[in-house]
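# model this:
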Amino acid sequence: MKTALLLCAILLRAGAGLGQQITPDLVPPLAFVELQKQYPLAANVRWAKTHGLYEARFVLDQAPHVIRYRPNGDVEATVTDLAGTSALPAPVQRMLGLRYPDLTFCKVAKIENVKTGDVTYETESCDADNPDVITFTPDGREVHRPRPRRRPQ
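Okay, the predicted model is just below:
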C-alpha cells in the first residue's frame, strides 16, 4: 500500500511539468474514449496538453503510465520518466553539459513513438516561471521545436 501511495505521489508530481495541465472535459472525446478502452481500470488520470498531443498520466497495478494521444484517439507515444540526467545516454549528457551548463533539470523523460519506434529524450529545467523543455535524439542531437507564443497579459 505504501508503495502504491509513493508511486502515486511521484507520478502526480512528475505530471506537473512537461505540459499544460487540463481538465478531462478539454480532452478530445476520441482520445478520452481510447484511454478508457485501453486502460479501463485507470483511475485518477491527470491530463496535460503538450506539443499538440493529449497526455494521460496514471498509476495502474503500482506502475506509472504516461500515454500521449492525438486528438483523433491514436496513440502517438509512451513516456517513461527517468530518475535524472544520469539516466540519459552518454551523448545526451555530454550535450547538456556543453550547451546548458547553468541549467538544472527537474524532469527527464524517454519518449518512444509508438508507430515508428523512434526514441527521444525530453529534459525540463527547474525554472518554475519559464521552464526550458529541451529534446534530444539518443545520439545527442538537439531537436528544435517552436516555442508557443505567450499571450500578452
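
# Using the three-state scheme, assign E34.
Per DSSP: H, G, I helix; E, B strand; the rest coil, the secondary structure class of E34 is helix.

# Report how many residues lie close to it.
Taking other Cβ atoms under 10 Å as the criterion, the count of residues near E34 is 20. Quick note: C-beta positions are derived from backbone N, CA and C, even for glycine.

# Likewise for G97?
So G97, with other Cβ under 10 Å, has 10 neighbours.

# CA-only coordinates of the strand or helix carrying it in PDB, if you can.
Here G97 sits within helix 90-99, counting by DSSP states H and E. The C-alpha coordinates for helix 90-99 follow below in PDB (Å, rounded to 0.1, in the frame of the first residue of the first chain):
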ATOM      1  CA  ALA A  90      26.100   9.500 -22.600                       C
ATOM      2  CA  PRO A  91      25.900  11.600 -25.800                       C
ATOM      3  CA  VAL A  92      22.800  13.400 -24.400                       C
ATOM      4  CA  GLN A  93      24.500  14.000 -21.000                       C
ATOM      5  CA  ARG A  94      27.600  15.400 -22.800                       C
ATOM      6  CA  MET A  95      25.500  17.900 -24.900                       C
ATOM      7  CA  LEU A  96      23.600  19.000 -21.800                       C
ATOM      8  CA  GLY A  97      26.900  19.800 -20.100                       C
ATOM      9  CA  LEU A  98      28.300  21.600 -23.100                       C
ATOM     10  CA  ARG A  99      25.200  23.600 -24.200                       C
END
